[in-house]
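# Generate a structure from the sequence data that follows.
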Amino acid sequence: MSVVVFTLGGTIAMSARDGTVTRLTGADLVAAIPSLSTVGTSVDVRDVVAVPSADLTFASVLDLVAAAERAIADGAIGVVVTQGTDTLEETAFLVDLVWPHSEPFVITGAMRNPTLAGPDGPANVLAAVRVAASGAARGHGALVVFADDVHAARWVRKTHSTSIGTFASPDAGPIGHVIEETVRILATPLDRPPAVTLTELRGAQTARVALYALALDDDGALLGHIPDAYQGLVVAAFGVGHVPSWIAPVLGDLADRMPVVLTSRTGAGSVLGGTYHAIGSETDLARRGLINGGLLHPWKARVLLTVLLTAGRSRAEIADTFALYA
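Numbering: from 1, shown residues only. Predicted structure coming up:
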């Protein structure tokens, strides 16, 4: 039995000497963690592709999930993925939407590369392997482990551009911690089946979903181009789900043509369902056909809508699924 570690690129694997940037291999990363032998299970390291996380795609992440499923079928007790942090919250949620196994799928990375004082990569990998090997973490889907905190993929966000404590779950908090080499899971995410199967997505043309963030005195002109190139839209609205009154009819027209999901741009808290009633309020937009994104952050909502459209779900099925995740 082993934990399989798949390594991608990102800060955790970046080294620079004499002005030349090189990528560390998985073996290099593991060699920097002598205490990894205390975890109590073997570690099988597999290098995948060295790309910044900004270059990851739905297809490349799904290919990684397929490789992880093969590892589980071969007897692995858990999976760890190291990657860049820029899109980590989105890749983790994408994995969570398709991961059907009780074995943990853990994602981690680093904010300080190995050439800097106090690099956090080795400690994060060690904690991630502990979580992947832990019976306490089984059945919780995809997890993000950073700075000894364990986060559910559904809630975690990157909240700071440089801090090593960047990953947080503003609405729920971490579900556990690694304390003195022991994995302590203190809260259990809501149990729900995967939104879709991996088979439905791999090889399919990924649906195009736009993300539109509202701003002060927004004229909404860009919204007129959405139907020409996209099959769905996520709106990052003000506060609890409000838009300017002159944009509400435009979003209603779009909702007649494609699924439009209403989220909040605030970074925490929920879109409401019926507190405000003015034109452009959450109640008005629901009446115009927008789907309530609830507590889902706009980036997470875009991942979910993309997955559902790619899998060929109907608008009614999409609304039902968002009701489960929101």
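# Kindly confirm my reading that Thr38 is in a helix.
Yes - assessed by DSSP: H, G, I helix; E, B strand; the rest coil, Thr38 belongs to a helix.
# Let me know how buried the nearest residue to it once chain neighbours are set aside is, in neighbour terms.
The spatially closest residue to Thr38, leaving aside those adjacent along the chain, is Glu181, at 6.8 Å (CB to CB, 6 or more residues apart in numbering). In this view, the C-beta of every residue, glycine as well, is placed from N, C-alpha and C. Applying other CB atoms under 10 Å, we find 12 residues neighbouring Glu181.
# Equivalent analysis for Asn292, please.
Neighbour count for Asn292, taken as other CB under 10 Å: 20.
# How about the contacts made by the residue lying closest to Met14 once chain neighbours are set aside?
Closest residue to Met14 apart from its sequence neighbours, by CB to CB, 6+ apart: Asn113 at 4.5 Å. Neighbouring residues of Asn113 by CB atoms under 8 Å, 6 or more residues apart in numbering: Thr11, Ile12, Met14, Ser15, Ala16, Pro119, Gly121.
# quick one, phi/psi of Arg23?
When read as degrees, to the nearest 10, the backbone of Arg23 gives phi -100, psi 130.
# circling back to that earlier point, right, and the residue nearest to Thr38 touches Ala127 too?
No - Glu181 lies out of contact with Ala127 (CB atoms under 8 Å); the separation is 9.4 Å.
# related to what we said a few turns ago, just the buried residues from the contacts of Asn113, in ChimeraX please.
In ChimeraX, a selection of the buried entries from the contacts of Asn113 looks like this (16 or more other CB atoms under 10 Å):
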select :11,12,14,119,121
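# Any regions of the chain where pLDDT drops low?
The model of the chain has pLDDT under 70 over residues 16-21.
# Walk me through the domains of it.
2-185, 208-325 (automatic domain parsing).
# end-to-end on the shortest one?
Just to be clear, that refers to domain 208-325. Distance across domain 208-325, first residue to last, is 21 Å (CA to CA, to the nearest Å).
# before we move on, what about the first one?
One end of domain 2-185 to the other measures 21 Å (CA to CA).
# how about JSON lines for the domains of the chain, with distance to Ala195 added?
Below are these laid out as JSON lines (distance: least, CB to CB, whole Å):
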{"stretch": "domain 2-185", "distance to Ala195": "4"}
{"stretch": "domain 208-325", "distance to Ala195": "6"}
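# And the next helix or strand past the helix ranked longest in the chain?
Secondary structure of the chain per DSSP state H: the longest helix is helix 58-73. Moving toward the C-terminus from helix 58-73, the first helix or strand encountered (DSSP states H and E) is strand 78-82.
# which residues are in contact with whichever helix or strand comes after that next one?
Where DSSP H and E defines the elements, the next helix or strand beyond strand 78-82 is helix 88-98. Contacting residues not belonging to helix 88-98 are listed as 53, 56, 58, 61-62, 65, 83, 105, 107, 109, 141-144, 152-154, 156-158, 167, 194-198, 201, 297, 299-300, 302-304, 307 [CB under 8 Å, 6+ apart].
# Output the contacting helices and strands for the strand or helix carrying Val235.
Using DSSP H and E, Val235 falls within strand 232-237. Using 3 or more CB pairs under 8 Å, 6 or more residues apart in numbering; DSSP states H and E as the contact test, the elements touching strand 232-237 are strand 209-213, strand 260-264, helix 298-310.
# what's the most buried one of the ones you listed?
Each of the helices and strands packed on strand 232-237 was scored by mean neighbour count; the highest is strand 260-264, a mean of 28, by mean count of other CB atoms under 10 Å.
# Show the subsequent helix or strand relative to that one.
Counting by DSSP H and E, what follows strand 260-264 is helix 282-287.
# And the helices and strands packed on strand 232-237: which comes nearest Leu190?
helix 298-310 (14.7 Å; CB to CB).
# outside of the closest one, which residues touch it?
Taking CB under 8 Å, 6+ apart as the rule, helix 298-310 contacts 58, 89-90, 93-94, 97-98, 154, 195-196, 200-201, 204-207, 209, 211, 213, 231-232, 234-236, 259, 261, 263-265, 293, 296, 317-318, 321-322, 325.
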